[in-house]
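> Sequence plus the predicted model coming up.
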Amino acid sequence: MGHFEWGPPGDDDAPTAVMLPGGLYSVQGPLLYWCAEVLLQRGWRVIGVVWPPEVSSAADPRHHVEAELDAVIAAVGGTPDLVVAKSLGSHALPWSIREGVPGVWLTPVLTDPTVIDALARAGPSHLAIGGTVDPMWAPAATLTTRAVLKTIGDADHSILVPSDWEESMRAQQELMAVIAEHVDGTR
């Protein structure tokens, strides 16, 4: 596992966001790339995480995710102010709730009981986003939570509209505006 600071070295007094990728979706993937750019333009320090290959097939991904969060905290000298996670990274939701750290959860693994339980307990400082054709997002339709939920019509687990690149780009642009508004409200 490893991590790096996104962009030029930031102000150590700036709020810090940690970006947790998916299993097969790096922090350079469009959803996380644009989230990092939104945060940087708002004065945030952004730390990107890189998983080793075995994390995506781990029997207990939450253990690996939390271990990397602990490593980031030790390296940057404090608990982050925000977690932005895609899919596999959403196994940080229980940690985030326990530590009181707001989060943006892109296509969280709501088929995992621990993740959905944490999202059910989350408050409005958490934003979770998924698509209507993503089976991992399906449990959101009946979830009771105070977290902000955003469902993107016809979008899959990558928040892409299959066979329609133009609609996919529109959906992701709309999504970035929702994320920017949410992040502005958590500061």
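Cool, the structure landed. Bear in mind the structure is a predicted one, so any value in this text is a computation, not a measurement. Residues are numbered from 1 along each chain as shown.
> where are the low-confidence patches of this structure?
1, 8-11, 57, 187 (pLDDT under 70).
> how about the strands in it?
2-5, 16-20, 45-50, 82-86, 103-106, 126-131, 148-152 (DSSP state E).
> most neighbours per residue, which of those?
Of the strands of the chain, the one with the most neighbours on average (mean count of other C-beta atoms under 10 Å) is strand 103-106, at a mean of 29. C-betas here are computed from N, CA, C, even on glycine.
> Adding distance to Met169, write the strands of the chain out as TSV.
Output for the strands of the chain, formatted as TSV (distance: least, C-beta to C-beta, whole Å):
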stretch	distance to Met169
strand 2-5	27
strand 16-20	21
strand 45-50	22
strand 82-86	18
strand 103-106	16
strand 126-131	14
strand 148-152	12
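> Need the nearest residue in space to Tyr25, chain neighbours excluded.
Spatially, and ignoring its direct neighbours in sequence, Tyr25 is nearest to Lys86 (5.3 Å; C-beta to C-beta, 6 or more residues apart in numbering).
> which ones are touching that neighbour?
With contacts defined as C-beta atoms under 8 Å, 6 or more residues apart in numbering, the neighbours of Lys86 are Leu20, Pro21, Gly22, Tyr25, Gly29, Leu31, Leu32, Leu106, Thr107.
> same thing but at 7 Å, please
Leu20, Pro21, Gly22, Tyr25, Leu31, Leu32, Leu106, Thr107 (C-beta atoms under 7 Å, 6 or more residues apart in numbering).
> cool, and Leu143?
Ile116, Leu119, Ala120.
> One more pass at 10 Å, please.
Residues in contact with Leu143, defined by C-beta atoms under 10 Å, 6 or more residues apart in numbering, are Leu110, Ile116, Leu119, Ala120, Ala122, Ala128, Trp137, Leu149.
> wait, isn't Gly131 in contact with Leu110?
No. Contact criterion C-beta atoms under 10 Å: Gly131 and Leu110 do not qualify, at 12.0 Å.
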